[in-house]
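Participant: Got a predicted model here, sequence first, then my questions.
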Amino acid sequence: MAVGFLHGAREAHREATLALFGGLSRAAGFKERTYGVGAFELLESHLDRVFRRDLPKQVVRDDLNGSPGWRYGPYRVLLKRHEFGNVRGIRWDRASPTKQAVARQSYREDPQLALPLGLEARDTPGVVTLVLAHSATDEPLEMELFLGRPRWNADGGAAWHWVKPVDDAIGPDPRRKLVERTMPLWDDHEDVPMRLRGETKSA
């Protein structure tokens, strides 16, 4: 997986969620279906924005049968919204035909595949499609973001060959380089404003 891909995905999810809950109000009559469609569409647009800005040469848009997707090397990532707290309860046999096909992919890797900052290819020909599963609640505000490899579970079994919370799969954000704050070289002008070069918000 591209360096910074998961950090970008987490940033996009957070920004999309805040935009969604800031723009829609349950008190105004918006219902869960509206939130679901909005969450999916906003995350798609925010992912496009983040990847164009931070990873334009590593990550390219690669939809699958009209389902939004992003590709780095042999990995394509699609989106799937799930019920909050129930990512392991997804039934792929009840999902869209595209997601059903993804869940039917052959799986020859070790199911305990490690995720230090992404994935290491293990003799997998062609493209491996993964799923970025996302969800959030507004009262209280909580967010869930997982990366995993779906498992066809028409048998009612496990929904994933493996799935990991994105926060547990990444370390420091390699896209951000913190610049040390420089103290002013003078002390006789109390009201001279300080400007911090290169300061960015955390991901």
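Facilitator: Happy to help now that I have it.
Participant: Just the CA trace of the helix or strand of the chain with the lowest mean pLDDT, in PDB.
Facilitator: Ranked by mean pLDDT, DSSP states H and E, the weakest helix or strand in the chain is helix 166-169, scoring a mean of 84. Written as PDB, here are the backbone C-alpha positions of helix 166-169 (Å, rounded to 0.1, in the frame of the first residue of the first chain):
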ATOM      1  CA  VAL A 166      -7.000   1.800  10.200                       C
ATOM      2  CA  ASP A 167      -5.800   3.400  13.400                       C
ATOM      3  CA  ASP A 168      -4.100   0.200  14.400                       C
ATOM      4  CA  ALA A 169      -2.400  -0.300  11.100                       C
END
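Participant: buried stuff in that helix?
Facilitator: Neighbour counts over helix 166-169 (16 or more other Cβ atoms under 10 Å) mark 166, 169 as buried. No exception for glycine: its C-beta is placed from N, CA and C like everyone else's.
Participant: what pLDDT, on average, does the helix of greatest length in the chain get?
Facilitator: Longest helix in the chain by number of residues (criterion: DSSP state H): helix 32-54. The average of the pLDDT scores along helix 32-54 is 91.
Participant: could we number from 84 for the rest of this?
Facilitator: In the new count, where the first residue is 84, that last one comes out as helix 115-137.
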